[in-house]
Structure formats: C-alpha cells, structure tokens
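Asks: Would you be able to build a 3D model of this:
(2 chains)
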Amino acid sequence: SQQGEEDPQALSIQEGENATMNCSYKTSINNLQWYRQNSGRGLVHLILIRSNEREKHSGRLRVTLDTSKKSSSLLITASRAADTASYFCATDETGAQKLVFGQGTRLTINP
Amino acid sequence: NAGVTQTPKFQVLKTGQSMTLQCAQDMNHEYMSWYRQDPGMGLRLIHYSVGAGITDQGEVPNGYNVSRSTTEDFPLRLLSAAPSQTSVYFCASSNSARGRQPQHFGDGTRLSIL
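Replies: As a prediction, this is how the structure comes out:
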C-alpha cells in the first residue's frame, strides 16, 4: 500500500519561480527522503530528513518535516528548466525494512 | 564508477515466456531491491535482499522470483510473463537494510508483454 501521497500531482510554473510539493504519510517513520526522476531515467536521491529534524537545506532545496501532521514539503527556489522532472517522497516506516514511495509530483518549468 | 547497472534497457516478450532482468552494483551495498513503476502508481516493491543468500518479498511479489548469490548481483526472474507485468522495472541498492540511507537506482528496464 502507498504510504506517501504527494500533492499536487502536477505543477507547472515559470522559470525563476519557487516550486512547493507536499507529501503526507500515515504511520510513524524513521526518516523521509525525496527523490527526483528525469524522463526515462532512474530515481536520484535529493535529501533525507530524519524524524527528529524539522528542516533541512541542500543548495536550492529546502525540506520540512512535521511529524505531528505526518507531512513534509519540498521547496525548490529559483527554479530552472533543468528542474523539470517528477519528484517522489519515500518513507522509512518504523520497524520495516523498506522504503515506501508515493505516486510523485510532475513538475514542469516553463522558460 | 558505474553504480547500479540494469540490463536489458528494453524488452518485448510474449505471454508465457520467461526471462531474467539483470541488476549489478559495484558499491559493495548489502541491500538491494526491485521495484516496478506503473503510471499513477508510483514505485511498488517487488522483492528485496539484505545480503547474499537472503531475500524477502515486497508488496507485489507474485509472478517474480529472485536470488542473491553474490553481493553484486540481484537478478529478477519472470516465471511466465503476463500482460499485467508490462511495466518499468527499477533495481536499487543501499548500504542500509532499513531504508536509513539513500537508495541508488539503475536506469530501468522497460518491459512489454504482448
């Protein structure tokens, strides 16, 4: 069963704008990860945030985690055409030996 | 540094045929897994392995078989292909069995079953 649910399913913005994607999950987790998938390629890891962390930054990426609301957000600032891709959240469920992926957000950056 | 290598990249099969999807990693990772990706479904875990000689079922294991004789290789076998197995298959590896570390993905095998 799917754990993470991304919102929105698709997002189209102009180059230079900020893009925000959200992920909600159902059970307790050890960590939450965000991945990017370019068309026709495999997933690439972007950032991992642990359950005891609230915010994490990596370059133009900012991830927040609210365990009380069981939700996370990924913010991409100053978007570029190269950011066009699908973005997935994945949760490491407490007690499990696997990551559970959401359905993804398809982000399109218009030049 | 090759990372995770999947072969073939594309394959067309007829219903009832069998085949093996190959996956190899050169990072000495203990944890390897197979996912399938279908439109609107995200990635679903088929099988995974926490080390050589140890495998376990994921969310959608039926119709698939795996083995792990070496740390490097984790092949996925389709026993009798069905149209419902048309999908894109991804292999991934990690140095953590519990999803505590990032997973490294191959570029996928696009499989069509006629």
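Asks: Flag every residue of chain B that's near chain A.
Replies: B:4, B:33, B:35, B:40-45, B:48, B:50, B:56, B:58-59, B:90, B:92, B:97-108 (Cβ under 8 Å from any Cβ of the partner chain). For every residue, glycine as well, the C-beta is placed using N, CA and C.
Asks: and those residues, which are buried?
Replies: Buried members of the residues of chain B next to chain A, scored by 16 or more other Cβ atoms under 10 Å in any protein chain shown, are B:4, B:33, B:35, B:42-45, B:48, B:50, B:58, B:90, B:92, B:97-108.
Asks: if we can go back for a sec, in strands, which of the residues of chain B next to chain A appear?
Replies: B:4, B:33, B:35, B:42-45, B:48, B:50, B:56, B:90, B:92, B:104-105 (DSSP state E).
Asks: Report the lowest-confidence entry in the residues you listed.
Replies: In terms of pLDDT, B:Gly42 ranks lowest among those, with 83.
Asks: What's opposite that one in the beta bridge?
Replies: Beta-bridge pairing of B:Gly42 under DSSP bridges involves B:Asp38.
Asks: quick one on the thing from earlier: from the ones in strands among the residues of chain B next to chain A, which single one is nearest B:Leu13?
Replies: Lowest distance from B:Leu13 to those (Cβ to Cβ) belongs to B:Phe90, with 18.0 Å.
Asks: Identify the residues contacting that closest one.
Replies: A:42-43, B:6, B:34-37, B:43, B:105-106, B:108 (Cβ atoms under 8 Å, 6 or more residues apart in numbering or on different chains).
Asks: can you rerun that using 10 Å?
Replies: A:37, A:41-43, B:4, B:6, B:21, B:23, B:33-37, B:43, B:46, B:103, B:105-109 (Cβ atoms under 10 Å, 6 or more residues apart in numbering or on different chains).
Asks: Low-confidence ranges, chain A, go.
Replies: A:1-4, A:97 (pLDDT under 70).
Asks: Let's check: the centremost residue of chain B is which one?
Replies: Nearest to the mean C-alpha position of chain B, counting by Cα atoms, centre = their mean, stands B:Trp34 at 2.8 Å.
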